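[1] Here you go, sequence then predicted model.
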Amino acid sequence: MAYNHQEIEKKWQKYWQEHKTFKAENHSKKPKYYVLDMFPYPSGAGLHVGHPLGYIASDIYARYKRHQGFNVLHPMGYDAYGLPAEQYAIQTGTHPEVTTEKNIKRYRKQLDQIGFSFDWDREVRTSDPSYYKWTQWTFIQLFHSWYNRRTDKAEPIAGLVKQFETAGNSGVDAVCDETPVFTADEWNAMTENQQQDILMHYRLAYLSETMVNWCPALGTVLANDEVKEGLSERGGYPVERKLMKQWSLRITAYAQRLLDGLNTVDWPDSLKEMQRNWIGRSEGALLRFQLASPVKGLENYKGIEVFTTRPDTLFGATFMVLAPEHELVEKITSPEQKEQVEAYVQWAKNRSERERMTEVKKVTGEFTGAYALNPLNGKKIPIWIADYVLAGYGTGAIMAVPAHDSRDFSFARHFELPIIQVVNKAGEEPSDPETWDESYDAKEGVMINSGFLNGMDVKKAIRAAIDKLEETGIGTGKINFRLRDAIFSRQRYWGEPFPVYYKNGMPYTLPEDELPLKLPEVDKYLPTETGEPPLARAKNWKTKEGYPLETNTMPGFAGSSAYYLRYMDPHNEREYFSKEANQYWRNVDLYIGGDEHAAGHLIYSRFWNKFLYDLGLACEPEPFKKLINQGKIQGRSSFVYRVNMEKYAEHLLWERMKKMGRANDIIRGYKDGRRKFDFYNAERELIIEIKSRDKLEKLEPYYEAYIRKTNRRLIMIPIADIIENMDVTIDEITQALESTKKGVIFNRGKIRELKPLFVSKNLVDRNLYSTPLHVDINLVDNDELDIEAFKQWRPEFADAEFVLEDGKYICGYEVEKMSKSKHNVQNPDDLIEKYGADTLRLYEMFLGPIDQDKPWDTKGIEGVYRFLRKLWRLYFDEDKFIVNDKKATEPEFKVLHKTIKKLRDDIERFSFNTGVSAFMICVNELTDLKCHKREILEPLAVLLEPYAPHAAEEIWESLGHKGGVSKVDYPEFDEKYLKEDTFSYPVSFNGKMRFKIDLPVDMPKNEVEKTVLAAEEAQRWIEGKTIRKVIVVPKRIVNVVVG
RNA sequence: GCCCGGAUGGUGGAAUUGGUAGACACGUUGGACUUAAAAUCCAAUGGCCAUUGCGGCCGUGUGGGUUCAAGUCCCACUCCGGGUACCA
């Protein structure tokens, strides 16, 4: 029986589906294990070989865990909302749901073909109303919650209202927007709208006027993580800052817990580091600078608030800088400076984010004419505005310490502001900052010029400065975060509608029993004429009572933030998920996905989970215990080299002339003023010009004129003549050189049209006259081009010609991103048909470590396919099953148990590539031993199942078992089969391995030393030298030091 | 600029705790089988030198160091990839 992968794989995929083999039970005495993949956005292009890489790894692990007796939850679903389907809807009018459904079908088919052990009964789709009901539900909970700093968790807003009613807000310590203090009486006297307005400052989901990333091309706002280098992540369109009323989530309330939680999870360090940077915690002080002279309208102003991480350098603060958007700018600007300041503010406002980013080095700013007082020494310092100070970070104002901050330094230099050194590098003399090339930013040194701080080191001085600030009431110690609240509105159609309506302009949430609020039909997927989001087009988009519903929709991360929880209990209609299900499954044990989600999905879902944790719904504070980033599979592009005919003709002619020995009297690339000619012979004053015939005919009159003027001679040669009739051309040129005929020589011979010409990669000087062109990788095998297929690929290449090397056309290659336009996309369907899913699974794992990026190269897949067939031949010959019940020998047991140990260790450390190698070694060795024994081959089938489940099932059935192999116990490793009596010691001299010697494993060190030194092979290394030292590491190595 | 990761044959990679560098594959070359092809099998395959045999020297991005012993540890640097970008 030959290995027929197509038949086998179909058979077992059907079996698994019919028997619901991989269904996970919510009630089980077995321990649980939750293996999750980041669910995909089903794009129209379908899967390419890069997508399943992580799925295969997680599937192997899930299957392995089942063999270990775990109840494994391994679900799959779809992140179904997304821009591509909506952009397609805008272009074609097709409802995004239709497109999405179609794409999901395709994905499902492709996924099924690979033989994943997903429990498809638990599939979720973010765009399914029964799913997004709970996304909306969570939003309602966020809306009705606030963050209590005292208890350090989210609490119901109703409790807050009660406090306001009885005691006002002075005793409340919340993460909230700036809110004036009010008493209970004042609260109770407020109108409902006023109260709602106040509450909005506290809600975890809140509506506010904020600076947002507005992307005009997409017609929507974007969250910070959706903007990369000033462009939208999807599509790469420009993004600008804009003040808009938007929903936000108060994720900043969780900043510290998000940071702390990172220490409790087993994630790649780089990913944790990325999140730490994104959260951006900095410790410092918040302090106030008083204005030097009173300003009208600011009589009660408490002073300009500033955040600094270096309160120790306060004595070195020689000026202040406000962000152009700072509210104070308008008020403090002196009449003399008004014009310049207003102009600067206007200029800064109109600058795009991108301009701002690319012009980082440019120093700009303007003096306001106002002064502040240094709170420690009372010195008067000028207040400037500049856009290097960001309105969105800290307080939007800084104290500038030019001596110790590089940005302040360059600003001070540019505007000639004073620089005072206050930190001195230990062991160095203080120097005049005027002589400095750069600031001294280091966080170490001794304080100078700093009053009471003098002599302290930086660390101590920071503490002392904060203490002083707190003592005098000037400021307080403060921790600041870079993390911003997440903007949660999108002006798009294809997303979850907000369960929100407006009464008197104030937002209220729908009652929970009216969920889900379904996405309405619209006539077009575009904004309205007045610029409102697409949902404003929906008819009757209002509540039963007639209140208008919110027209924004939620962003992509809304639906993906807690899908792992819904998988635990996906069909629950009464609640998000049952307490029992959550108590059992708890959180994800292994999560596999790409690291592009570091600052987006993986932060949002941690936040979302923590909120549900505060609510008492989720029982674990972190959603993903262990996380692995699978590397990207890059494309391997193939290139053909298309000849540039003119360059090629020049090249050919020149080569020929060199051969004829004319390289000395003919100049190539001759220049006469601004004119350029291909070749020139000075002695005979002959110019040689090569061009296409068309061009030559057009240029003829100009050349005539030029020749007449300069009294030179010129021969014009059509490209085709050179390429197709070199000898004749050479004769012509020779004649022309010898003759004295004046004027232009142009022989209008019979000329064929030139066909596209391609040169093979390794031909000499190829790069001088050809340009690389991406060619479809399916037309290339082992870098050799299938010329006939290539001719049919594109009509314009139908009669192309080729310059070969060794009778072949060899293509070049390069590793780059897999994309349609580069013709390097490898789709798994073709490979599965040819080699089977088991081969694909093995090969993807065999490529290299799971977490590394690696190029896709189909070449190696043959080797893995060969391995599977070789394995098959241990069980079957041409026509029958050949496994026998003979007793296995010791060497056979040794092979098996070595493999069990290796595979188990490799799988535990997620080293799947070496696992595949272990199988190959095992099969090679068993083949050499001609082993067809059940005692060996039965356990081997179980070992194989996680990697190549179809083949394993078929083998298992042939071995006479019923009911499938997927839950059979993993083979036990037994040390006794690996015991060796002797060890083959590598013996090195001065660290270089010279020979090996077999010695008993239990031989004592001194015996080993004696035996080795006495060995025959040792003599030539010892001879004439002194033995200085002998190192014996039992069962490892012997090293003899001679000299 | 700052932070993180990486660099090993022609290619993908292995070497898990400092202990035989190049496992396992691909590719290449030669051979067997075959009318032929496919499939399969065998042999060689880091570089250089010597090949009559033994063999020898060099070699994990570069330069230095620690050690009996370094791909692995330390210092300095080069190049490549990713993140971030005036975050006070």
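    Right, received. Where do you want to start? Numbering: from 1, shown residues only, chains lettered A, B, ... in the order given.
[2] ok, the residue nearest the centre of chain A to RNA strand B distance?
    With distances taken as Cα atoms, centre = their mean, the residue of chain A nearest its centroid is A:Glu596 (2.6 Å). To RNA strand B, A:Glu596 is 7 Å away according to Cβ to the nearest atom of the strand, to the nearest Å. (Glycine included, C-beta is placed from N, CA and C.)
[3] Can you name the element that comes right after the lowest-mean-pLDDT helix or strand in chain A?
    Across the helices and strands of chain A, mean confidence by mean pLDDT, DSSP states H and E is lowest for helix A:353-358: a mean of 71. Stepping forward along the backbone from helix A:353-358, the first helix or strand reached (DSSP states H and E) is strand A:366-373.
[4] what's that next one packed up against?
    Counting contacts by 3 or more Cβ pairs under 8 Å, 6 or more residues apart in numbering; DSSP states H and E, strand A:366-373 packs against strand A:281-291, helix A:328-332, helix A:338-350, strand A:380-385.
[5] Deepest-packed of those, please.
    strand A:380-385 (a mean of 20; mean count of other Cβ atoms under 10 Å).
[6] Close to RNA strand B: what parts of the stretch 151-300 of chain A are there?
    Taking Cβ under 7 Å from any atom of the strand as the criterion, the stretch 151-300 of chain A approaches RNA strand B at residues A:224-225, A:228-229, A:269-270, A:273-274, A:277-278, A:280, A:282, A:284.
[7] Keep only those of those that are in strands.
    Per DSSP state E, strands hold the following members of those: A:Lys228, A:Ser282, A:Gly284.
[8] From those, pick the one nearest RNA strand B.
    A:Ser282 (3.2 Å; Cβ to the nearest atom of the strand).
[9] So the closest one sits against A:Asn480, correct?
    Yes: in this structure A:Ser282 lies within contact range of A:Asn480 using Cβ atoms under 8 Å: 5.2 Å.
[10] Just list the residues touching A:Ser793, thanks.
    For the record, residue A:793 is Trp, not Ser. Shown in contact with A:Trp793 (Cβ atoms under 8 Å, 6 or more residues apart in numbering): A:Val775, A:Asp776, A:Leu779.
[11] Report the contact partners of the second one.
    Going back to what we said before, that points to A:Asp776. With contacts defined as Cβ under 8 Å, 6+ apart, A:Asp776 is in contact with A:Ser638, A:Trp793, A:His823.
[12] Also A:Lys659?
    By Cβ under 8 Å, 6+ apart, the contact list for A:Lys659 is empty.
[13] just so I have it, where are all the helices in the stretch 401-550 of chain A?
    For the stretch 401-550 of chain A, helices defined by DSSP state H, counting those that start in this stretch occupy the ranges A:406-415, A:458-472.
[14] now swap in the stretch 201-350 of chain A and tell me
    In the stretch 201-350 of chain A, the helices defined using DSSP H, counting those that start in this stretch lie at A:255-261, A:269-279, A:328-332, A:338-350.
[15] which residues of the stretch 201-350 of chain A score low on pLDDT?
    Scanning the stretch 201-350 of chain A for pLDDT under 70 picks out no residues.
[16] do you know which of the helices of the stretch 401-550 of chain A lies nearest RNA strand B?
    helix A:406-415 (4.5 Å).
[17] I'd like to check the angle between that closest one and strand A:366-373, please.
    Angle of helix A:406-415 versus strand A:366-373, following axes from the mean of the first three to the mean of the last three Cα atoms, to 10 degrees, is 110 degrees.
[18] when you scan helix A:406-415, is anything in it near RNA strand B?
    Yes: residues of helix A:406-415 contacting RNA strand B under Cβ under 7 Å from any atom of the strand: A:Arg407.
[19] Residues of the stretch 851-1000 of chain A that sit close to RNA strand B?
    Selection of the stretch 851-1000 of chain A residues close to RNA strand B by Cβ under 7 Å from any atom of the strand yields A:852-855, A:857, A:859-860, A:862-864, A:866-867, A:869-870, A:902, A:905-906, A:909, A:911, A:913-914, A:916-917, A:920-921, A:924, A:984, A:986, A:988, A:990-994, A:996.
[20] Contacts only, for A:Ala348.
    By Cβ under 8 Å, 6+ apart, the contact list for A:Ala348 reads A:Pro324, A:Glu325, A:Thr364, A:Asp387.
[21] For the second one, give me its contacts.
    By Cβ under 8 Å, 6+ apart, the residues touching A:Glu325 are A:Val345, A:Ala348, A:Lys349, A:Ala391, A:Gly396.
[22] and the residue of chain A nearest RNA strand B?
    For chain A, Cβ to the nearest atom of the strand, closest residue to RNA strand B: A:Gly863, 2.3 Å.
[23] Quick one: mean pLDDT for stretch A:558-577?
    For stretch A:558-577, the mean pLDDT works out to 95.
[24] Domains of chain A: list them as residue ranges, please.
    A:31-138+A:557-632, A:154-250+A:485-537, A:281-481, A:633-817, A:833-977, A:982-1042 (automatic domain parsing).
[25] want to try a markdown table for the ones you listed, with distance to A:Trp12 as columns?
    As requested, these are exported to a markdown table (distance: least, Cβ to Cβ, whole Å):
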| stretch | distance to A:Trp12 |
| --- | --- |
| domain A:31-138+A:557-632 | 7 |
| domain A:154-250+A:485-537 | 37 |
| domain A:281-481 | 51 |
| domain A:633-817 | 26 |
| domain A:833-977 | 5 |
| domain A:982-1042 | 43 |
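[26] Would you tell me which one of these is buried the most?
    When those are scored by mean count of other Cβ under 10 Å, the highest mean neighbour count falls to domain A:31-138+A:557-632 (a mean of 20).
[27] I'm done for today, thanks for sticking with me.
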